[in-house]
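[1] with the sequence up front, the predicted model follows.
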Amino acid sequence: MTTPVVVAAVGLACLDHVWHVDHFPPTRSRTHASSYRSHGGGPAATAAVAATRLGAEAHLWASLGEDEAATTVERELTQEGVLLHALRAAGARSFVSAVLVEPSGERHIFPYRGDALADDPERLDWSALARARVLLTDARHPQLSAHALQAARRYGIPTVGDWSDLRHWDQTALVDHLIVSEECARAALGDQALGEDDLAAALPRLRSAEHQLVAVTLGPRGILWDAGDGVRRTLAPRVDVLDSTGAGDACHGAYAFALASGRSMADALRLASAVGALACTGPGRDALPDLAAAERLAATLPDEEQR
């Protein structure tokens, strides 16, 4: 029997309410929506689903409320095969987001961060973490994240960090592979006006631990990354974009899966770039690919470019 590739994820599982709108920003008090869907979201949760689609055994430690949103999130994750370790608090309200998607596929997120959500690692069973080959965290629940990162260090498990802003930035020092959004990178570097060349030159300054890979996702412009031997770029494949919601999350999940499978960082980033692109071609998680489809697209990408 083949030993499963086990990926652990810790962080946000939420419910996304997604409207495709004709114009953004709106010019009047009402803007037509051409479609609406409600489905599960969240960086860590979507990463876990992406890893499962690629063939991993994915475990997710997350905090949910006691409400209909939590029921929907849990049902969808279970259907996807994600093994959920959910922390609940009496009367808590789940994290939910309104997402407006432009005709171009660009999305704008309006998060409600829930109420009274628990963040107590002592209330969860972490025994499955010891079997993981990679741990991914988005630090949305900082106590769960810190506990998992410290445990992973004890077990010798490589860690991947998904940061979209500077909250709990101190935890990035515990991460082996730090992959941040473009907006987060500029905030961390203290200059939102940095051009791409300047951002590439400053990329090593994001490193907060020795031997840490640091990377910035640039959407259709690919991924800038530095493993300590110079800044490189992994290109993004061209696809027809319908909805970019969760594309970065899927990218992180694919990268974690690839590392857990024993791939090099360069190969892992090519697979991650392909999965992130394919995630844009359909609504929600519908377009997340299986491994064969992801590898076909990744194979069309050239070797990474030296900056």
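    The structure has been received and is ready for your questions.
[2] run through the strands of the stretch 151-300 of the chain in chain order.
    159-163, 177-181, 213-217, 223-226, 231-234 (DSSP state E, counting those that start in this stretch).
[3] rebuild those strands as a markdown table, extending it with distance to Ile109 and mean pLDDT.
    Any C-beta I mention is one placed from the backbone N, CA and C, and that applies to glycine too. Shown next, in a markdown table, are the strands of the stretch 151-300 of the chain (distance: least, Cβ to Cβ, whole Å; pLDDT from 0 to 100):
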| stretch | distance to Ile109 | mean pLDDT |
| --- | --- | --- |
| strand 159-163 | 15 | 98 |
| strand 177-181 | 12 | 97 |
| strand 213-217 | 15 | 97 |
| strand 223-226 | 21 | 97 |
| strand 231-234 | 25 | 95 |
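[4] the ones you listed into TSV, with extra columns for distance to Ala45 and mean neighbour count?
    Below are the strands of the stretch 151-300 of the chain laid out as TSV (distance: least, Cβ to Cβ, whole Å; neighbours: other Cβ atoms under 10 Å):
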stretch	distance to Ala45	mean neighbour count
strand 159-163	11	27
strand 177-181	17	24
strand 213-217	18	27
strand 223-226	22	23
strand 231-234	24	22
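[5] could you dump these to TSV with distance to Ser97?
    Formatted as TSV, the strands of the stretch 151-300 of the chain follow (distance: least, Cβ to Cβ, whole Å):
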stretch	distance to Ser97
strand 159-163	16
strand 177-181	16
strand 213-217	19
strand 223-226	24
strand 231-234	28
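[6] nearest to Ala56, of these?
    strand 159-163 (12.9 Å; Cβ to Cβ).
[7] the closest one packs against which elements?
    helix 43-54, strand 134-137, helix 142-155, strand 177-181, helix 247-260 (3 or more Cβ pairs under 8 Å, 6 or more residues apart in numbering; DSSP states H and E).
[8] direction included, what does the second one pair up with?
    Put plainly, it is strand 134-137. In the sheet, strand 134-137 lines up against strand 6-10 (parallel), strand 159-163 (parallel) (DSSP bridges).
[9] for Ala132, which of those is the nearest?
    strand 6-10 (3.8 Å).
[10] please consider this matter closed, and thank you.
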